[in-house]
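Undergrad: Sequence first, predicted model second:
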Amino acid sequence: MTPLEKILQRQAVWRGGAAAAVALPAARAVRTGFAALDAALPGGGWPAGLVEVLHRAKGMGELQIVLPALATLTSAGRRIAWLAPPHLPYAPALRAAGVRLDCLTVVRAPGRRDALWAAEQALRAGTFHALLLWLPRASYPELRRLAVAAQAGPGFALAFRPPEAAGEASPAVLRLALESGEKQLAIRILKRRGQPLAAPLPLPIERPVFERPAHALGRAPLSATPAPGARARACAA
């Protein structure tokens, strides 16, 4: 075996034509809970680093695709953070999805720069195994800082962004675009390590029935100006 062949056999070396399943070490990926999606993603799940999910309407199912992974992480006592969500997380829906509320931290930020700063600090601290971030606007240098911080952490950072961001350059290791349908989502993989996915991936979404809409984000908007000392708090059971 030549020295070059030995180098290419290392998992840390990625080749553009390589299959997505071997593009990343599986040990650093978190299974999504959807077999079809796992099969299409590098390492068989959410890859370590920065992930972008582009969607147009709030509550179309964008949280449903990540809730199984959050349930798996919190059941093992791993902490997750929601940073700058547009609405207050709805505890009954999260509990029904298997998410342990005592492992959830909600961080409020008064502005975009505050959210970016808090996200970078949370990622570099290595405390959270998943960080969900709502980021309507971000420049490439800002995303690059988040991507570097996420690579150094123990888990993944998932940024929810508008569909217009698809035309912008991004350092994210994975970019998904969601399209809603009847009882399912269509997921277009815009960027991944490995060969591109030719067609959208249909993903069935089952939502539990509650007296009120069972989105994991409630209807009450989260205040943009939190009280002093209240920027981070655990979601009460």
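TA: Thanks, I have the structure now. Quick caveat: nothing in here was measured; it's all calculated off a predicted structure.
Undergrad: Every contact and neighbour count from this point should use C-alpha atoms.
TA: Will do.
Undergrad: which SS class is the residue most central in space within the chain?
TA: The residue lying closest to the centre of the chain (CA atoms, centre = their mean) is residue 158, at 2.5 Å. Recorded secondary structure, residue 158: strand (DSSP: H, G, I helix; E, B strand; the rest coil).
Undergrad: Output stretch 155-167 as PDB, restricted to C-alpha atoms.
TA: Listed next in PDB are the C-alpha coordinates belonging to stretch 155-167 (Å, rounded to 0.1, in the frame of the first residue of the first chain):
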ATOM      1  CA  GLY A 155     -22.100  18.000  19.500                       C
ATOM      2  CA  PHE A 156     -23.800  19.800  16.700                       C
ATOM      3  CA  ALA A 157     -25.200  23.400  16.300                       C
ATOM      4  CA  LEU A 158     -28.400  23.700  14.200                       C
ATOM      5  CA  ALA A 159     -29.200  27.100  12.900                       C
ATOM      6  CA  PHE A 160     -32.700  27.800  11.600                       C
ATOM      7  CA  ARG A 161     -32.600  30.300   8.700                       C
ATOM      8  CA  PRO A 162     -34.900  31.700   6.000                       C
ATOM      9  CA  PRO A 163     -34.900  30.000   2.500                       C
ATOM     10  CA  GLU A 164     -33.300  33.100   1.000                       C
ATOM     11  CA  ALA A 165     -30.100  32.100   2.700                       C
ATOM     12  CA  ALA A 166     -29.700  29.200   0.200                       C
ATOM     13  CA  GLY A 167     -28.200  31.700  -2.300                       C
END
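Undergrad: That stretch: how far from the chain's middle?
TA: 8 Å (CA atoms, centre = their mean, to the nearest Å).
Undergrad: So what touches that stretch?
TA: For stretch 155-167, the surrounding residues in contact (CA atoms under 8 Å, 6 or more residues apart in numbering) are 28-29, 46-56, 123, 128-137, 150, 177, 190.
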